[in-house]
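> Provided below for reference: sequence and predicted model.
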Amino acid sequence: MSNHVPSSGTHERVASVAALLRSAAATTPQERCIAAGFTWLAKPIPSDADAVRLIPSEVAVRLSVIPLSISSGRLRAAMMDPFDLHAVDEAATIANMPLERVGVAPEAFGELMRQSYGVTAARMAESLAGNTGNKDEVEQNLDAIQTDDVHRMAEQPTLVNLVNLLILEAIQKRTSDIHIEPFEGELKVKYRIDGVLIEQQSPPKHLQPAIMGRIKIMSMMNIAERYLPQDGHITLRFEGRKVDLRVSTVPTIYGESVVMRILDKSSLPLDLKSLGMHEQQVLMMDKLIAKPHGLVLVTGPTGSGKTTTLYAALSKLYDPRKKILTIEDPVEYELAGINQIPVNPKRGLTFASGLRSILRQDPDVILVGEIRDAETVDIAIRSALTGHLILSTLHTNDALSSVGRIVDMGAESYLLASVLEGVLAQRLGRRICKACAHKVPMSENDRVRIPPVVLERFQDQVTVGAGCEACSGSGFRGRLGFFELVRMNPALRAAISESHSVMELHRLVDAGFISMRDDGLNKAISGETTIAEVMRATQEVDGS
């Protein structure tokens, strides 16, 4: 007979349902918890060691449940979601006693987890290091490991927990990409946070095959293939939300290098203003995407936020009366009410063939993930000519350079001039942390880098981040865009159709045009970013 103590009896289940109904009208997690009669923790509190031992760390992370204390045969536990009855049941089964649920704020949960378990990926890696031997022995062992051994090592519970913690810590730190890089004598782990790579505590070199194997198993890759690039995908739930990871491996001379791109939909700002656009740019962009047909381009290098900007535009465009289709490589985020098609070249589905098929679906708006070749350019232009609004991205340094790029791909200048409605170019810079932002005198280095007219507006003071717990001491938290938006006018259309140079096109833009660098400097004046960030992000555009 089982000695399992259920988490709640029938009367408690009924009470839980009643609590859920009472809290339905509440809007925030705190309001929901209080309405349902649960205690709410805004800050971490000390936990009892005897209680913590009842639930292993990996279970606590997975269920988002942290034991606090034991009282009257019940385990008092802090939960990210006290209404998750499956987590309540599993935690109660493992602890072998009923749970008394306590709600906890997300920002307090991580600190409470560290206080209670002290488990981090770095600490676990240290404990796994053991006696690694000398460098030559490690290299010989790595070469000698067979596929079956890698599979067995990758399934070890401790190794599984290490990889899970690497990913979970990255998400908690707002990481956009995890880089695992093999070198001759070490295995480096780096997190890209706010666009900058930050090195983490390195796992021991002898765990390299097992870590790579575990990541391949999770992303459904071929674990036996070590000499060809592979792509995979991981989906997991973190703090009650869905997080996708795009995984890429490439062979190097010291083993496989792995990059995991974290796609966290909850952190995606689907609003043009929250991306950093000022009011005038938002109004101009709204007018462009409200047109019934034409071509609107967003340009910039890889990682400059082009897709996010287009998603924000699509979210604003969404209307049940409109048919909106996208073709992307890959589909990064799922948008409600919009049909999204992933490119699959292996099966013959390219941007060009997909776009041709999309036109038979009677769409009103089409998003093409990227214009890459002459065929895609030709179909996109002809689609815009026949009454469709086409949104797409292009890799160019500034807005008007996209005209020459598309013509170089084979487009006719007069056709491009007739369909192009506007081009938005953008870069990303780090946003100053609001919690530790303060004014300081402008340095001489900053003073000589900006034009005298703009210098006067700073009044010899700049805003910087001092570094605090909220921004992990960096002085920055989050990113914002630097934009330049060119809207077509009759003079520009005529110049494009006559194949004028980019320098000549720049003289014909509207009087209110603001370059990317000027837009960034305006944001530095308002205290949103620093002069150094503006210069770093926009230097290619001005060539300075």
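Arrived safely.

> all contacts plus neighbour counts: C-alpha atoms, from now on.
Noted.

> any chance you could map the strands in the stretch 301-450 of the chain?
324-328, 339-342, 365-368, 389-394, 420-432, 437-441 (DSSP state E, counting those that start in this stretch).

> which one, of the ones you listed, ends up nearest to I514?
strand 420-432 (11.1 Å; CA to CA).

> for the closest one, name the packing helices and strands.
Contacts defined by 3 or more CA pairs under 8 Å, 6 or more residues apart in numbering; DSSP states H and E place strand 420-432 against strand 294-299, strand 461-465, strand 476-487, helix 516-525, helix 531-542.

> so which of the strands of the stretch 301-450 of the chain gets nearest G195?
G195 lies closest to strand 420-432 among the strands of the stretch 301-450 of the chain, at 7.4 Å (CA to CA).

> return the list of strands paired to the closest one, each annotated with direction.
strand 294-299 (parallel), strand 476-487 (antiparallel) (DSSP bridges).

> state the mean pLDDT of it.
For strand 420-432, mean pLDDT is 95.

> okay, the angle between it and strand 461-465?
With axes from the mean of the first three to the mean of the last three CA atoms, to 10 degrees defining the directions, strand 420-432 sits at 70 degrees from strand 461-465.

> longest helix in the protein, by residue count?
In the chain, assigned by DSSP state H, the helix with the most residues is helix 157-172.

> same for it, what does it pack against?
Counting by 3+ CA pairs under 8 Å, 6+ apart, helix 157-172 packs on helix 121-129, helix 208-218.

> if we use 7 Å, what do you get?
Secondary-structure packing of helix 157-172 (3 or more CA pairs under 7 Å, 6 or more residues apart in numbering; DSSP states H and E): helix 121-129.

> that older thread, of all the strands of the stretch 301-450 of the chain, which one is nearest Y414?
strand 420-432 (10.3 Å).

> on that earlier part again, mind putting the helices and strands packed on strand 420-432 into JSON lines with distance to W40, mean pLDDT and mean neighbour count?
Below are the helices and strands packed on strand 420-432 laid out as JSON lines (distance: least, CA to CA, whole Å; pLDDT from 0 to 100; neighbours: other CA atoms under 10 Å):
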{"stretch": "strand 294-299", "distance to W40": "44", "mean pLDDT": "96", "mean neighbour count": "25"}
{"stretch": "strand 461-465", "distance to W40": "31", "mean pLDDT": "93", "mean neighbour count": "21"}
{"stretch": "strand 476-487", "distance to W40": "27", "mean pLDDT": "94", "mean neighbour count": "23"}
{"stretch": "helix 516-525", "distance to W40": "38", "mean pLDDT": "94", "mean neighbour count": "22"}
{"stretch": "helix 531-542", "distance to W40": "39", "mean pLDDT": "78", "mean neighbour count": "18"}
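
> how many other residues sit next to P441?
11 (other CA atoms under 10 Å).

> I'd like the distance between it and V462.
To V462, P441 is 6 Å away according to CA to CA, to the nearest Å.

> please apply the same query to M97.
57 Å.

> picking up where we left off before, between the strands of the stretch 301-450 of the chain, which one is nearest to D84?
Here strand 339-342 is closest among the strands of the stretch 301-450 of the chain (CA to CA), at 30.8 Å.

> buried stuff in the closest one?
Q340, I341, P342 (16 or more other CA atoms under 10 Å).

> what of stretch 304-321?
Neighbour-count burial for stretch 304-321 [16+ other CA under 10 Å]: 304-315, 318.

> CA atoms of it as CSV?
Taking Å, rounded to 0.1, in the frame of the first residue of the first chain, the C-alpha atoms of stretch 304-321 are listed here in CSV:
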residue,chain,number,x,y,z
SER,A,304,19.9,44.4,-35.5
GLY,A,305,16.2,43.6,-34.7
LYS,A,306,14.7,43.7,-38.2
THR,A,307,12.4,40.8,-37.7
THR,A,308,11.2,42.1,-34.3
THR,A,309,10.3,45.4,-36.0
LEU,A,310,8.3,43.6,-38.7
TYR,A,311,6.5,41.5,-36.1
ALA,A,312,5.6,44.7,-34.3
ALA,A,313,4.3,46.1,-37.6
LEU,A,314,2.3,42.9,-38.3
SER,A,315,0.8,43.0,-34.8
LYS,A,316,-0.4,46.5,-35.4
LEU,A,317,-1.7,45.5,-38.9
TYR,A,318,-3.6,42.4,-37.6
ASP,A,319,-7.3,42.6,-38.5
PRO,A,320,-9.6,39.5,-38.8
ARG,A,321,-10.8,41.0,-42.1
